[in-house]
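In: here's my sequence, what's the structure:
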Amino acid sequence: MKPMLLFICLGLLACGNAKNAGSSDIAKQENKEIKNQETIENKRWVLKTLYGENIPAYKKDIFIIYKNAGAFNGNGGCNGFGGSYEIDNQTISMKDIIHTQMACNMLATENDFLKALETADAYKIIQDQLYLYKGKDEIAYLEAVYLK
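Out: Okay, here's the model as predicted:
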């Protein structure tokens with residue numbers, strides 16, 4: 001009787017450990033997936049190319065920051081700007097863009113960037129790289145700088 005009871009207990013213990021090991025593996029996989037999720041929010045996205053042209057180095061970065069509450073702000077090199085955005089899967093819509101109106105030598109680039117933001121309808125993030133698209137055409141490429 002004792003050997004049979006010992007065998008049953010060992011069998012139950014092994015099943016419990018196998019179940020816990022499986023749930024531990026699942027939890028590790030879920031954590032890995034969470035860590036690998038790419039997000040557009042709370043990063044300073046610095047513009048690198050616009051309509052296929054490299055952005056020259058200026059005194060100020062041209063950038064955008066998407067906030068958690070569906071709002072964004074940034075700087076076009078001359079002027080600050082802001083607006084609202086909505087994302088759904090890989091689609092994006094930016095609207096209600098407002099900006100200051102100071103003149104400078106990079107105003108044409110700034111205006112093109114604001115136009116790109118208004119017309120973008122899709123995005124893709126690969127690691128720390130953000131691509132904005134109008135249809136299938138890439139219109140802007142930006143690189144992430146993390147905020148603290």
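
In: against Ile65, how distant is the most centrally placed residue in the chain?
Out: With distances taken as Cα atoms, centre = their mean, the chain has Ile40 as the residue nearest its mean C-alpha position (2.2 Å). In this structure, Ile40 lies at 10 Å from Ile65, with Cβ to Cβ, to the nearest Å as the measure. To be clear about C-beta, it is placed using only N, CA and C from the backbone, and glycine gets the same treatment.

In: same check, this time on Tyr58
Out: Between Tyr58 and Ile65 the distance is 18 Å, computed by Cβ to Cβ.

In: for those two, indicate the residue with more neighbours.
Out: Ile65 (18 against 14; other Cβ atoms under 10 Å).

In: what ranges does this protein have for its helices?
Out: Counting by DSSP state H, the chain forms helices over residues 2-36, 107-119, given from the N-terminal end onward.

In: which one of those helices has the lowest average pLDDT?
Out: By mean pLDDT, the lowest-scoring of those turns out to be helix 2-36, with a mean of 41.

In: report the mean per-residue pLDDT for stretch 92-106.
Out: 95.
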